[in-house]
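Peer 1: Dropping the sequence and predicted coords here.
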Number of protein chains: 2
Amino acid sequence: MTELLMSAPLRLGIAGLGTVGTGVIRLIQTEAEMIAIRAGRAVQVVAVSARDRSKPRDVDLSGYAWEDDPVRLAQRADVDVFVELMGGDSGPAKAATEAAIAAGKDVVTANKALLAHHGQALAEAAEAAGRVIRFEAAVAGGIPVIKALTEGLAANRITRVMGVMNGTCNYILTRMESAGLPYETVFEEARALGYLEADPSLDVDGIDAGHKLSLLSAIAFGTRVFFDAVELEGIGRIDIADIRHAAELGYRIKLLGVAQMTGRGLEQRMSPCLVPVNSPLGQLQGGTNMVVIEGAAVGQIVLRGAGAGEGPTASAVMGDVIDLARGIRIPVFGQPAVSLADPVAAAVAAPAPFYLRMTLQDKPGALAKVATILGEAGVSIDRMRQRGHDEETAPVLIVTHRCTRDALDHALARLPATGVVVGEPVAMRIEAV
Amino acid sequence: MTELLMSAPLRLGIAGLGTVGTGVIRLIQTEAEMIAIRAGRAVQVVAVSARDRSKPRDVDLSGYAWEDDPVRLAQRADVDVFVELMGGDSGPAKAATEAAIAAGKDVVTANKALLAHHGQALAEAAEAAGRVIRFEAAVAGGIPVIKALTEGLAANRITRVMGVMNGTCNYILTRMESAGLPYETVFEEARALGYLEADPSLDVDGIDAGHKLSLLSAIAFGTRVFFDAVELEGIGRIDIADIRHAAELGYRIKLLGVAQMTGRGLEQRMSPCLVPVNSPLGQLQGGTNMVVIEGAAVGQIVLRGAGAGEGPTASAVMGDVIDLARGIRIPVFGQPAVSLADPVAAAVAAPAPFYLRMTLQDKPGALAKVATILGEAGVSIDRMRQRGHDEETAPVLIVTHRCTRDALDHALARLPATGVVVGEPVAMRIEAV
């Protein structure tokens, strides 16, 4: 093999030795020869850094230099690629990434939060220095979606990107449905199983998935990362009743990210949506991730795989590293960062059918009053179902024809005045997938 | 934009102006600016070639030089990349590809047959000349599967690759199921709709899909393309009864390609298999393609999309072209062609459960005789179902436990001697997906 490895080894400095960092090191140690023959050169770890040097880790670090400070690691003369696996949208991760770029290193990162908040500035700095930042592991774990979107589908005007990109949320929703348990119970189960981030809000409020969506958007539409414009709605208010009713109507509820460029601007949403139970997205159960990319030429491409975990994330990190070893160098977001457009966020999301659930007082004319108010707001009813009811109230399910969320909200705001609606109606978008 | 395009344009010579060739030209003409900004330089067509110059085509070719001979096109001094979209495993496609490499051109091709038969020699020639051959469009149409396998998942020891990669066969099987029509009828429908190759055997005998599988194998396992070792079995003998019975047992029948490296060597099969109806492969309906890649680190990755058609194939061709424009250059099969191993074909496929259907004479002891013979061959029965029967015979469905195909064939060969089996039993592998 030696004669094939004429290039010098690619030397990595790895900051962060949690699940992903140790997974990357294990992969390099166990598959060194395979990686070298594919990469065309050896890939070596030269130095590592983590918060706590004394923490027991089940990989052998004795061959690597240790740096307490990730910034110093990033600046080491013997490091070609700084691999940032610490996480966090500021602090050491940001400082070390900036230091790496300033020191002329390429960067491979799994840090979606950092790029969602500082991706544009980091990409501009890297490209000004002739360096690249790669982040396959930041989005949808082991699924090579950044590569598919940036390279494989580069000839496509992208019309829409969708994704279930938070495995924890999908696990919670799947478990609520299969076990018939309420959100709070399954949330506590997930916490006990260690599935939740230290700050669970990152998962269940859609923030983590929103970060990922904003990165896909930038590549898909050639716009600067614009995380602040992602409409976020979490899964905490989903009732087990809605999961059941959705199923009866032929749908499943998913925390679904949707990004599309419309005549009114860039639309980015991360919110619970109904999708047909027989669609690839509807079939997605448990912690698995899925990204759907729609291009003008290619039509619909669906990518599915593990969205987290040691192996899948290490696979993505090392895919990027092997790219760098092979000399694959393209702009961070697929075109020069300075050429990315300033997106205008769409003030109004594209129209869609909606699922509505509300409880009505069981008296004559109640339903007519609701239908009238919906109609006056321009919301027409496609299907309606009155469920078995108790003595005084009756739950009603409505599927609307396509309407804007604004029109719907306008109608919902007028419902209390009828005096026939009990409690708060629930409204969820039905996404055409 | 001009300041971003400092590199010289990438100049293409396109041979073959059928659906794919005109699709590529249309895409270049309509998306020139988007492609240039992503590729970092303009992509231009300089010359084209096809069998019949006078054939009406709905793209404007007036700006391009015409060559009657694709070999001359491939040798033109003003061509950087030879784009081969003629097809065929020999003749002009082979001659022109060889000429292009000899003349120092990179090659982008959609020609699976050519690479399945001559991929090793062409890759060695290209790499000796410092050139690359790219073939995303040759496998699974618009799905960027070559890129995913060669680049995105390069850090994975691949354990298995599976795929439904002939849309026509999947269309036929889907239509047989949904319309309850026999194979022959749907075959004629497909022919009338223009879905079949000029030589339909390429589709329905699994040859085309087998070509594709052999290319995926080479990348996945680092072995020379070995199409001759692909076990091929077509869909022509599938009975509508088997589709129905499979459905009752919770399966669908797919023309499924499976490649895996086993202790006994490389196993490559393209044959009708039963897959669980609720799996991604089982859910795949109509002309869509799906490739499943299993890697040691990443687990299972599923890719789904259109396997043919103007847009999807043009998307794949232009993905490769943009890669070349960006300077992405890796070995044809992911590692130097001279380093690819000579595969040993596994003499025996890995054990699996099998679906068996046979018709028995309706007399006492018939079933016991069959069960005994199966048992003596080491084939144990997982589930058995005797169907409603007419006067003299009774159809029997059997799902076996895992066994080798050899053991099963051994048992099947002994069945006629029992005198209780009517006609030929049907056996199909149940693939764990």
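Peer 2: Cool, the structure landed.
Peer 1: roughly how far apart are the closest residue to residue A:150 other than its chain neighbours and residue A:147?
Peer 2: In this structure, residue A:150 finds its nearest non-sequential neighbour in residue A:334, 4.2 Å apart by Cβ to Cβ, 6 or more residues apart in numbering or on different chains. Heads up, the C-betas are built off the backbone N, CA and C, glycines and all. Separation of residue A:334 from residue A:147 (Cβ to Cβ, to the nearest Å): 10 Å.
Peer 1: before we move on, back to that, and the residue nearest to residue A:150, how far from residue A:220?
Peer 2: Distance from residue A:334 to residue A:220, by Cβ to Cβ: 9 Å.
Peer 1: Overlap in contacts, these two.
Peer 2: Both residue A:334 and residue A:220 are contacted by residue A:149, under the criterion Cβ atoms under 8 Å, 6 or more residues apart in numbering or on different chains.
Peer 1: More neighbours: the two, which one.
Peer 2: residue A:220 (27 against 23; other Cβ atoms under 10 Å in any protein chain shown).
Peer 1: Who are the packing partners of whatever helix or strand the more buried one lives in?
Peer 2: With elements taken from DSSP states H and E, the one containing residue A:220 is helix A:207-221. Applying 3 or more Cβ pairs under 8 Å, 6 or more residues apart in numbering or on different chains; DSSP states H and E, one finds that helix A:207-221 contacts helix A:112-128, helix A:145-147, strand A:158-164, strand A:251-262, strand A:265-276.
Peer 1: Other residues contacting the longest one?
Peer 2: Read it as helix A:112-128. By Cβ under 8 Å, 6+ apart, helix A:112-128 touches A:84, A:87-90, A:93-94, A:97-98, A:101-102, A:106-107, A:109, A:132-133, A:135, A:138-139, A:208, A:210-212, A:214-215, A:218, A:224-225, A:227, A:331-333, A:336-338, A:340.
Peer 1: Please compute how far that helix lies from its chain's middle.
Peer 2: 17 Å (Cα atoms, centre = their mean, to the nearest Å).
Peer 1: for the last one, same thing?
Peer 2: For strand A:265-276, the distance between its averaged C-alpha position and the chain's averaged C-alpha position is 12 Å (Cα atoms, centre = their mean).
Peer 1: Quick one: list the elements packing against whichever helix or strand comes after that strand.
Peer 2: On the C-terminal side of strand A:265-276, the nearest following helix or strand under DSSP H and E is strand A:288-295. Other helices and strands packing on strand A:288-295, by 3+ Cβ pairs under 8 Å, 6+ apart, are strand A:158-164, helix A:167-179, strand A:299-306.
Peer 1: quick one: strands adjacent to the first one?
Peer 2: Which is strand A:158-164. With DSSP bridges as the test, strand A:158-164 is paired with strand A:251-262 (antiparallel), strand A:288-295 (antiparallel).
Peer 1: Enumerate every residue touching the residue in the stretch 251-400 of chain A that chain B sits nearest to.
Peer 2: At 3.3 Å from chain B, residue A:318 is the closest residue in the stretch 251-400 of chain A, using Cβ to the nearest Cβ. Going by Cβ under 8 Å, 6+ apart, residue A:318 touches A:24, A:27, A:28, A:35, A:43, B:154, B:155, B:297.
Peer 1: same deal with residue A:231?
Peer 2: A:268, A:269, A:270, A:271, A:349.
Peer 1: sec struct for the residue nearest to residue A:150, please.
Peer 2: coil (DSSP: H, G, I helix; E, B strand; the rest coil).
Peer 1: Please report how far it lies from residue B:39.
Peer 2: To residue B:39, residue A:334 is 10 Å away according to Cβ to Cβ.
Peer 1: Please apply the same query to residue A:373.
Peer 2: Using Cβ to Cβ, we find residue A:373 at a distance of 53 Å from residue B:39.
Peer 1: Please identify which of the two sits among more neighbours.
Peer 2: The neighbour comparison of residue A:373 against residue B:39 (other Cβ under 10 Å) goes to residue B:39, with 26 against 19.
Peer 1: hang on, the earlier thing: which neighbours do residue A:334 and residue A:147 share?
Peer 2: With Cβ under 8 Å, 6+ apart, residue A:334 and residue A:147 have no common neighbours.
Peer 1: Any regions of the stretch 101-250 of chain A where pLDDT drops low?
Peer 2: For the stretch 101-250 of chain A, no stretch is flagged by pLDDT under 70.
Peer 1: and it, which of its residues are near chain B?
Peer 2: Contact residues, the stretch 101-250 of chain A versus chain B (Cβ under 8 Å from any Cβ of the partner chain): A:136, A:142-144, A:147-148, A:151-157, A:222.
Peer 1: farthest-separated two in those?
Peer 2: Greatest spacing in these, by Cβ to Cβ: A:142 and A:157 (27.3 Å).
Peer 1: Looking at these two, which is more packed in?
Peer 2: Neighbours were counted for residue A:142 and for residue A:157 using other Cβ under 10 Å; residue A:142 has more, 31 against 17.
Peer 1: which one is the residue in the stretch 1-150 of chain A positioned nearest to chain B nearest to, not counting chain neighbours?
Peer 2: Relative to chain B, the nearest point of the stretch 1-150 of chain A is residue A:144 (2.6 Å; Cβ to the nearest Cβ). Residue nearest to residue A:144 in three dimensions, not counting chain neighbours: residue B:152, with 2.6 Å by Cβ to Cβ, 6+ apart.
Peer 1: Contacts only, for the one residue in the stretch 151-300 of chain A that gets nearest to chain B.
Peer 2: Going by Cβ to the nearest Cβ, chain B is nearest to residue A:152 of the stretch 151-300 of chain A, at 2.6 Å. Taking Cβ under 8 Å, 6+ apart, we find residue A:152 in contact with B:136, B:144, B:147, B:148, B:316, B:319.
Peer 1: Residue A:146 too?
Peer 2: By Cβ under 8 Å, 6+ apart, the contact set of residue A:146 is A:134, A:135, A:136, A:138, A:139, A:215, A:216, A:219.
Peer 1: now those in a markdown table, with distance to residue A:264?
Peer 2: Formatted as a markdown table, those follow (distance: Cβ to Cβ, whole Å):
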| residue | distance to residue A:264 |
| --- | --- |
| A:134 | 33 |
| A:135 | 29 |
| A:136 | 31 |
| A:138 | 28 |
| A:139 | 26 |
| A:215 | 22 |
| A:216 | 20 |
| A:219 | 21 |
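Peer 1: CSV for these, including neighbour count?
Peer 2: Formatted as CSV, the contacts of residue A:146 follow (neighbours: other Cβ atoms under 10 Å in any protein chain shown):
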residue, neighbour count
A:134, 26
A:135, 25
A:136, 29
A:138, 26
A:139, 28
A:215, 25
A:216, 26
A:219, 26
